[in-house]
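# Just need the structure, nothing else, for what follows:
(chains A and B, ligands or ions: 1)
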Amino acid sequence: MNISMFDILGPVMIGPSSSHTAGAQRIGKAMYMISGKEEIAKVDFYLHGSFSHTLSGHGTDRALVAGLMGMDASDARIRNSLQIAKERGIEVSFQPEDLGDVHPNTVKVIATTKSGKTYSMIGSSVGGGEVEIVEINGTKAKSSGKFPTIIVTHIDRLGVISKISSILAHYEVNIVTMSNSREKKGSTATTMIETDHEIPLSVKEELEELDYIHQVVLVEKFA
Amino acid sequence: MYHNAKELLALIGDSGKSIADIVIENEMEISEISREAIMDELQRRYDIMYKACHDGLETAVISISGLTGGTGKQMWDFIKSGKGIQDLTTQKGIAYALSCSEVNASMGLIVAAPTAGACGILPGTLIAVAEKLQSSKEDILKALATAAGIGQLITKNATVSGAEGGCQAECGAAASMAAAAITQLCGGTPEQCFEAAAIAIKNIMGLVCDPVAGLVEMPCTKRNASGVGNAILSCDLAMAGITSHIPFDEVVDAMFRVGKALPSTLRETALGGIAVTPTGMALKEKIFGNGGCSGNCSSCGGCH
Ligand code: SF4
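This next block holds a predicted model:
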């Protein structure tokens, strides 16, 4: 049996809905990690399907914002998160949007940090508090947040992937899963790697120095 | 390794172990943690369950929508009046489950078991039965582990999501887990635990998920109460030596197939069942206004 008993007797969470509250918190938390835990100045949530229907009735709005500020699913401050965000000077907006052929509980998040950097992400709450991040900064992704993840956008070119993995190996970071996708041969490709250990910032810095690499995003474990 | 009840019972063999023992051994392996750490974590979660089952007894807890609440207190007051028909254990279990479900709807802290919507059934049943039997801490935590084992098998071989399998999958799984847990607490054999778990699911096979306004309140709170009754009667049947005839694994499989056969209107979309009764629609309108419509037409279709 590969399902933990604590996934059955859990999560420990602020109600009322594992998918609409705990899952929403986790999606917000994913953005908190993607934006490198920086203070957020402005965030827009585009809610698809059932997420937009029952928004405040399930505390989905409060949970998303709580996660964005780094709170966990069991944090009692979730109830007051909208107020807390206001006090911290975070501008928050929610709007319904048709995101196309995605899971019914999906949200697109666009956040701008106080230092002026903008990040975007699409995440789905797939049930029981579990989530899947399907897009980060415009490129396809697939992350459940259970492992630290590195997402590298680069030119599709021989040796890039082995370079990434050798840098990881150098820092003794063990790879759990690895996936690669590209639009077409020689075009932009995305490599996503889940790891056993936290990925040091120097991995990102070293990779960013290589000229065929467009972007490196480190996402800490958020589930 | 086990993937179904048959394999789990084969692992037990004539070792004299309980379902809980096997589930805990498995957890030690997959999560690479000690037995002690597992028992500590179970205790922590039990404490949270216990609190949620009591917070709504003396004070009325109201949901964030303002639609429902206070039934845990009403039931508790009724128990004190001594006028109820059911025995005290079932009555208390029901009050605990209502309290827990209301704490959940009020954005309070709960343990999903297996989901937030059905979070009152397992703790409500377990706490009430453990009080009657004056069970030890260790036995209560092991009953929780058995419940987790039943939940693992249902998750693996079917689903515990209302959106996928209807309420039979959520409240059915919770009642099944609770039935097995208390059967073990009552001294039942592992086989009897599975009989109780199978009977509980059979009792609500086909139950639809039809939450008013899409919120985890109506009918959810009362289904938590009825889940306690279901678990306790299933346990009594199994302890009397009555069998399910259809084995647990086959019942789970049937439940999954029934869930798939349910139209999507009856799987958490709030487009069927009591959600679309005149009163259900009026309540939705009251909360969300605008005919209950968010204006996001292309992803809904509810008004077509
Ligand atoms: S009716 Fe639906 S939302 Fe309510 S408890 Fe049952 S499965 Fe959960």
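
# For B:Y2, pull up the helix or strand it's in.
In this assignment (DSSP states H and E), B:Y2 forms part of neither any helix nor any strand.

# Which residue is the nearest non-sequential neighbour of it?
Excluding its sequence neighbours, the residue lying closest to B:Y2 (C-beta to C-beta, 6 or more residues apart in numbering or on different chains) is B:L8, at 4.1 Å. (Glycine included, C-beta is placed from N, CA and C.)

# Identify the residues contacting the one you found.
B:Y2, B:I19, B:I22, B:G149, B:L153, B:P190 (C-beta atoms under 8 Å, 6 or more residues apart in numbering or on different chains).

# Now for the residues you listed: which two are most distant?
B:L153 and B:P190 (12.6 Å; C-beta to C-beta).

# now B:A169, what's its secondary structure?
B:A169 carries the three-state label helix when classified by DSSP: H, G, I helix; E, B strand; the rest coil.

# how about the CA coordinates for the helix or strand hosting A:V92, as PDB?
Per DSSP H and E: A:V92 is located in strand A:91-96. Taking C-alpha atoms only, strand A:91-96 is exported to PDB below (Å, rounded to 0.1, in the frame of the first residue of the first chain):
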ATOM      1  CA  GLU A  91      -3.800  44.400  -3.500                       C
ATOM      2  CA  VAL A  92      -6.100  41.400  -4.100                       C
ATOM      3  CA  SER A  93      -8.600  40.800  -6.900                       C
ATOM      4  CA  PHE A  94     -10.800  37.800  -7.900                       C
ATOM      5  CA  GLN A  95     -12.500  37.300 -11.200                       C
ATOM      6  CA  PRO A  96     -14.300  34.500 -12.900                       C
END
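
# Direction included, what does it pair up with?
Take DSSP bridges as the rule and strand A:91-96 pairs in its sheet with strand A:40-49 (parallel).

# so where do the strands sit in chain A?
A:12-14, A:40-49, A:91-96, A:105-113, A:118-127, A:130-136, A:139-143, A:149-155, A:175-182, A:188-195, A:213-219 (DSSP state E).

# What are the buried residues along stretch B:199-211?
B:I199, B:A200, B:I201, B:K202, B:N203, B:I204, B:L207, B:V208, B:C209, B:D210, B:P211 (16 or more other C-beta atoms under 10 Å in any protein chain shown).

# what about that stretch, how long is it end to end?
25 Å (C-alpha to C-alpha, to the nearest Å).

# is any part of it close to chain A?
No. Stretch B:199-211 does not reach chain A (C-beta under 8 Å from any C-beta of the partner chain); its nearest approach is 9.0 Å.

# Can you tell me how far the closest residue to B:A5 other than its chain neighbours is from B:A225?
Leaving out its chain neighbours, the residue that sits closest to B:A5 by C-beta to C-beta, 6+ apart is B:F248, at 4.3 Å. For B:F248, the distance to B:A225 equals 24 Å [C-beta to C-beta, to the nearest Å].

# Please say which of those two ends up with more neighbours.
B:F248 (29 against 23; other C-beta atoms under 10 Å in any protein chain shown).

# residue contacts, the more buried one?
Applying C-beta under 8 Å, 6+ apart, the residues near B:F248 are B:A5, B:L153, B:F194, B:E195, B:A197, B:A198.

# Try it again at 10 Å.
B:4-6, B:8-9, B:150, B:153-154, B:157, B:176, B:180, B:191, B:193-199, B:201-202 (C-beta atoms under 10 Å, 6 or more residues apart in numbering or on different chains).

# so B:K286 sits right up against A:G57, yeah?
No. Using C-beta atoms under 10 Å, B:K286 is not in contact with A:G57; the gap is 11.4 Å.

# Have a look at the two and say which one is more surrounded.
A:G57 (25 against 13).

# Distance from the chain centre to the host helix or strand of B:D47, please.
Counting by DSSP H and E, the element that carries B:D47 is helix B:35-55. Taking C-alpha atoms, centre = their mean, to the nearest Å, one finds the center of helix B:35-55 at 16 Å from the center of the full chain.

# Also stretch B:182-199?
Offset of stretch B:182-199 from its chain centre (C-alpha atoms, centre = their mean): 16 Å.

# first to last residue in it, what's the distance?
14 Å.

# ok, back up a step: filter the buried residues of stretch B:199-211 down to the ones near the ligand?
B:C209, B:D210, B:P211 (C-beta under 6 Å from any ligand atom).

# tally of neighbours for the nearest residue to the first one once chain neighbours are set aside?
Okay, so that is B:C209. In this structure, B:C209 finds its nearest non-sequential neighbour in B:G162, 3.8 Å apart by C-beta to C-beta, 6+ apart. Look at B:G162: counted by other C-beta under 10 Å, it has 30 neighbours.

# Let me see the contact set for B:G162.
So B:G162 contacts A:17, A:19, A:127, B:115, B:117-118, B:168-171, B:207-211, B:216, B:220, B:259, B:266-269 (C-beta under 10 Å, 6+ apart).

# Those in helices, which ones?
When DSSP state H is applied, the contacts of B:G162 are split such that B:Q168, B:A169, B:E170, B:C171, B:C220, B:G259 fall in helices.

# check contacts around the spatially closest residue to the first one that is not a sequence neighbour.
In this case it means B:Q168. Nearest residue to B:Q168 in three dimensions, chain neighbours excluded: B:L207, at 4.2 Å (C-beta to C-beta, 6+ apart). By C-beta under 10 Å, 6+ apart, the contact set of B:L207 is B:162, B:165-172, B:201, B:219, B:223, B:226, B:255, B:258-259, B:262, B:266, B:273.

# ok, now A:M69?
A:M69 neighbours (C-beta under 10 Å, 6+ apart): A:28-29, A:32, A:37, A:39-40, A:43, A:75, A:77-78, A:81, A:84-85, A:88, A:90.

# List only buried entries from the residues you listed.
The buried subset of the contacts of A:M69 - by 16+ other C-beta under 10 Å - is A:G28, A:K29, A:Y32, A:I40, A:V43, A:D75, A:I78, A:S81, A:I84, A:A85, A:I90.

# Next one: the residue lying closest to the first one once chain neighbours are set aside, what pLDDT does it get?
The one in question is A:G28. Excluding the flanking residues, the one nearest A:G28 by C-beta to C-beta, 6+ apart is A:G67, at 2.4 Å. A:G67 is assigned a pLDDT of 97 by the prediction.

# all helices of chain B, in order?
So, for chain B - with DSSP H - the helices run B:5-12, B:19-31, B:35-55, B:71-81, B:88-105, B:121-133, B:137-157, B:162-165, B:167-185, B:190-203, B:220-239, B:248-261, B:278-288.

# Where does chain A get nearest to the ligand, which residue?
A:S17 (7.7 Å; C-beta to the nearest ligand atom).
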